[in-house]
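Engineer: Next input, structure requested:
(one chain, ligands or ions: 2)
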Amino acid sequence: MDDECHSHADPSNIYKGAEHCFSSCQIVEKIRHSKILLIGVGGVGCEVLKNLVFSGFVNIHLVDLDTISVSNLNRQFLFRSEDVGKWKAVVAKDRITKLCPWSQITVSVENIRSKEFPLEFFKQFAAVICALDNHKARLYVNEVCAFAQVPLFETGSTGYQGQVTPILAGSTECYNCEPKPQQTEHIAVCTIRHRPESVEHCIVWAMYLFDVLFGNLEDSNPLSDEKEYKVSHLAREWTFEDGARKTSTEQEWENMTCERVVNKFFIEDLQFVESLKKDTLSSLSILNIPTQEQLRRYLLNVDTKYSVEDLKLEEQNPHQLVWTCDKAYEVLIFCLKQLLRRWKESKSALTFDENDTISLAFVTAASTVRASAFDIVAKNSFDVRGIAGRIIPALSITNAVIGDIVVFQLLRFLSGTCMKDLCNARLSQVSRPRPRYLDEVIITPEFIRPPVAEYVCRLSLVCLSERLFGKILRCIICHQLLLVTCDARNVTVRQFIEDGLKKQMNMEPFSVATDVGYIIYDSEQDCEVPVEAQRIDKSTIAQLQVEEQPLSILDESGVYYRGWIRHQCDVSLSIERIFSFGDD
Ligand SMILES: Nc1ncnc2c1ncn2[C@@H]1O[C@H](COP(=O)(O)OP(=O)(O)OP(=O)(O)O)[C@@H](O)[C@H]1O
Ligand SMILES: [Zn+2]
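Structural biologist: Numbering: from 1, shown residues only. Ligands and ions are numbered 1, 2, ... in the order given. Just a heads-up that it's a prediction; the model follows:
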């Protein structure tokens, strides 16, 4: 984006557009004065921030805990290579402020779950937009927003799928209401590149290596700095010298290339890892790094020892043994040779396909060697296929559409549509034979007003689904919420239990605990252990540090509540039942 040509953009044109689009002049005041909290300035977050300022929003607070890495640059368009290593929220603010000098962006480089952000912090915003990449932080934001009664727009994007969900606990489903499929958590690039913690990390690394050697090398590949090992480069090195043709035979070339790749990624790099281990006196490694002599022997033997058919049979057997390190090195060399031949024949980049025996065996072998070096238990080729097939790339097209829809839905909300009338937007693959959600329909101009174009992005189409509120099962997060307001420095846990829960709410509490399992009250211990009783009598809420976070409160009658103790100076103690979903 060119900073200069946009720097004098005038927001008044933007406001005219909004007025026209929503046939309302109040919308302009709303946009101008609504404070928006954007959590996460990654793939979706960058899009959202740009859309917010170009829709005329002025007051935006950004929260992000991370720094920019090289692999972010292909889709997080606010960041450039010179920003690598800097805080995302800070760079995003600077870049946007240059483009739109009227914007007033504030930033926090912090985990959103930190106590830096009490309930009062959330209450100052007209809406919260969540552009996070992990379930834990999303669940937390969902719950704080429920207690704060702030409208939340929850977004997500994986591959060609994405979603925007408007949430206002008490009138819509919350993020927790619908069970989530098991999520593969975000893996940081440095984890893949330098210190894998699980076999999945080793498998992802092996797939990246496949692309470095044989595929299309993208900037987002964490091994993109190893370009010199691309087979196309190595081919040039070995077959041409001083402009003369072919100085080596096919077989020599194959062996030399294999040797070079194995030496670099599976011997030298791993020897370095081993040397670090010795410094830290960590556990003994089970990795047998081959000597150069062994490596040459492998190069001679593998063609007769292995065959594609045998590897194919193995990959179909879920009970096959995990390969030993020696076997993994041999299969690795066998596959490297096969892939080199394939590459030479096709004369074009190869694409990793987990259903192709040689590609799968390459990734299995490479991940097995790498896992051994990091003392991780490897997987057999049957399991590797399952894991490799589930790894989905992040796509900028999906982020862009999600970023558009969420700001559009926010504008509709501010123009008077209530949260429960905003639809859930789901981006889904058109090629899918049947919709995954029964209530899924494709947007038509009649369906929402003002009309919105149908987004078509190669394989995807935006679908909106109306929530079927009657069908929602009770959810522990948004069912029974108790908001406790007190001066946490003066109120003791005993007062909270006796004067608050028992007297004010007519409850008979059985236990009260934080989400990390810290039990602050247990009715049984209270009777039996005098020391515990004393702690409850003497300790204030602030001393136990349990304010400004979700609490689980279980009643003797078996009813489960979620609680939140909000600190407010000079308020003795008041408890409010925020709502009970479905009560009306
Ligand atoms: N608890 C949290 N508090 C604040 N920010 C968070 C928290 N958890 C995640 N984030 C931020 O949310 C953003 C999510 O963006 P995105 O999904 O694009 O991930 P990414 O890390 O930028 O990219 P990739 O995962 O592809 O490397 C990241 O910038 C991340 O730092
Ligand atoms: Zn819920």
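
Engineer: so which strand or helix has the residue lying closest to G43 once chain neighbours are set aside?
Structural biologist: The shortest distance from G43 to any non-neighbouring residue, by C-beta to C-beta, 6 or more residues apart in numbering, is to N399 (4.3 Å). No exception for glycine: its C-beta is placed from N, CA and C like everyone else's. Per DSSP states H and E, N399 falls inside helix 396-414.

Engineer: Off-centre distance for that helix?
Structural biologist: 18 Å (C-alpha atoms, centre = their mean, to the nearest Å).

Engineer: Give me the mean pLDDT for that helix.
Structural biologist: Mean per-residue pLDDT for helix 396-414: 89.

Engineer: can I get the CA coordinates of that helix in CSV?
Structural biologist: Extracted in CSV, the C-alpha atoms of helix 396-414 (Å, rounded to 0.1, in the frame of the first residue of the first chain):
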residue,chain,number,x,y,z
SER,A,396,-5.6,-14.2,2.6
ILE,A,397,-8.7,-14.3,0.5
THR,A,398,-10.6,-15.9,3.4
ASN,A,399,-9.3,-13.3,5.9
ALA,A,400,-10.3,-10.5,3.5
VAL,A,401,-13.9,-11.7,3.2
ILE,A,402,-14.2,-12.3,6.9
GLY,A,403,-12.7,-8.9,7.6
ASP,A,404,-15.4,-7.4,5.3
ILE,A,405,-18.3,-9.2,6.8
VAL,A,406,-17.5,-8.5,10.4
VAL,A,407,-17.3,-4.7,9.9
PHE,A,408,-20.4,-4.9,7.8
GLN,A,409,-22.2,-6.7,10.5
LEU,A,410,-20.9,-4.2,13.1
LEU,A,411,-22.3,-1.3,11.0
ARG,A,412,-25.7,-3.0,10.7
PHE,A,413,-25.7,-3.4,14.5
LEU,A,414,-24.9,0.3,15.0
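
Engineer: Touching, the residue nearest to G43 and V44? I think so.
Structural biologist: Yes: between N399 and V44 there is a contact at 4.9 Å, judged by C-beta atoms under 8 Å.

Engineer: Quickly list the domain ranges of this protein.
Structural biologist: According to automatic domain parsing, the chain comprises the domains 3-182+395-421, 189-390, 480-580.

Engineer: Comparing those domains, which comes out most buried?
Structural biologist: Mean neighbour count (mean count of other C-beta atoms under 10 Å) peaks for domain 3-182+395-421 among the domains of the chain, with a mean of 19.

Engineer: And the residue nearest to G43, how far from A235?
Structural biologist: 36 Å (C-beta to C-beta, to the nearest Å).

Engineer: what does Y298 give?
Structural biologist: To A235, Y298 is 22 Å away according to C-beta to C-beta.

Engineer: Spell out which parts of the stretch 251-400 of the chain neighbour ligand 1.
Structural biologist: By the rule C-beta under 6 Å from any ligand atom, the part of the stretch 251-400 of the chain lying against ligand 1 is A394.

Engineer: Low-confidence bits of the stretch 401-550 of the chain, can you list those?
Structural biologist: Within the stretch 401-550 of the chain, the stretches with pLDDT under 70 are 428-474, 526-532.

Engineer: got it, and the chain?
Structural biologist: For the chain, the ranges with pLDDT under 70 are 1-10, 179-190, 238-248, 277-287, 392-393, 428-474, 526-532, 579-584.

Engineer: which residues do N399 and V44 both contact?
Structural biologist: Listed as contacting both N399 and V44 by C-beta atoms under 8 Å, 6 or more residues apart in numbering are S157.

Engineer: Where do the helices of the stretch 1-150 of the chain begin and end?
Structural biologist: 3-6, 11-22, 26-33, 43-54, 88-99, 119-123, 135-148 (DSSP state H, counting those that start in this stretch).

Engineer: Point out the one among these that comes closest to N255.
Structural biologist: helix 43-54 (42.3 Å; C-beta to C-beta).

Engineer: Identify the residues contacting the residue nearest to G43.
Structural biologist: Applying C-beta under 8 Å, 6+ apart, the residues near N399 are 43-44, 46-47, 75, 157, 162.

Engineer: could you redo the last one with a cut-off of 7 Å?
Structural biologist: The contact partners of N399, taken as C-beta atoms under 7 Å, 6 or more residues apart in numbering, are 43-44, 47, 75, 157.

Engineer: Can you confirm whether stretch 132-147 lies near ligand 1?
Structural biologist: Yes: interface with ligand 1: stretch 132-147 contributes 132-134, 137 (C-beta under 6 Å from any ligand atom).

Engineer: How is C475 assigned, secondary-structure-wise?
Structural biologist: coil (DSSP: H, G, I helix; E, B strand; the rest coil).

Engineer: Can you tell me the closest non-neighbouring residue to it?
Structural biologist: Leaving aside its chain neighbours, C475 sits nearest to C177 (4.3 Å; criterion: C-beta to C-beta, 6+ apart).

Engineer: Check which helix or strand the one you found maps to.
Structural biologist: Using DSSP H and E, C177 falls within no helix or strand.

Engineer: Up against ligand 1, what does the stretch 51-200 of the chain have?
Structural biologist: Counting by C-beta under 6 Å from any ligand atom, the stretch 51-200 of the chain sits next to ligand 1 at 63-66, 71-72, 88, 111-113, 132-134, 137, 186, 189.

Engineer: if we can go back for a sec, widest-spaced pair of the residues of stretch 132-147 next to ligand 1?
Structural biologist: D133 and A137 (8.2 Å).

Engineer: rewinding a little: out of the residues of the stretch 51-200 of the chain next to ligand 1, which are inside strands?
Structural biologist: V63 (DSSP state E).

Engineer: how about the residues of this protein that lie near ligand 2?
Structural biologist: Contacts of the chain with ligand 2, taken as C-beta under 5 Å from the ion, map to 174, 176-177, 475, 477-478.

Engineer: Pick out whichever of the residues you listed sits closest to R193.
Structural biologist: N176 (34.1 Å).

Engineer: wait, is N216 part of a helix?
Structural biologist: No: using three-state DSSP, the assignment for N216 is coil, not a helix.

Engineer: List the contacts of it.
Structural biologist: Neighbour list for N216: A349 [criterion: C-beta under 7 Å, 6+ apart].

Engineer: T364 against F382, yeah?
Structural biologist: No: applying C-beta atoms under 7 Å as the test, T364 and F382 come out as separate, 9.1 Å apart.

Engineer: about what we covered before: in JSON lines: the contacts of N399, plus distance to T106.
Structural biologist: Shown next, in JSON lines, are those (distance: C-beta to C-beta, whole Å):
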{"residue": "G43", "distance to T106": "22"}
{"residue": "V44", "distance to T106": "20"}
{"residue": "E47", "distance to T106": "20"}
{"residue": "R75", "distance to T106": "25"}
{"residue": "S157", "distance to T106": "25"}
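
Engineer: what's in contact with stretch 361-374?
Structural biologist: Against stretch 361-374 from outside (C-beta under 7 Å, 6+ apart): 196, 199, 202-203, 205-207, 209-210, 266, 270, 273, 285-287, 311, 322-323, 325, 328-329, 331-332, 335, 339, 377-378, 381, 384, 388.

Engineer: now it: how far from the chain's centre is it?
Structural biologist: On C-alpha atoms, centre = their mean, the centre of stretch 361-374 falls 25 Å from the chain's centre.

Engineer: if we can go back for a sec, just give me the closest of the residues of stretch 132-147 next to ligand 1 to ligand 2.
Structural biologist: Ligand 2 lies nearest to A137 out of those, by C-beta to the ion, at 16.7 Å.

Engineer: show me what contacts the closest residue to that closest one other than its chain neighbours?
Structural biologist: Distance criterion C-beta to C-beta, 6+ apart; nearest residue to A137, sequence neighbours excluded, is I112 at 5.8 Å. If you count contacts by C-beta under 7 Å, 6+ apart, I112 has them with 39, 63, 137, 140-141.
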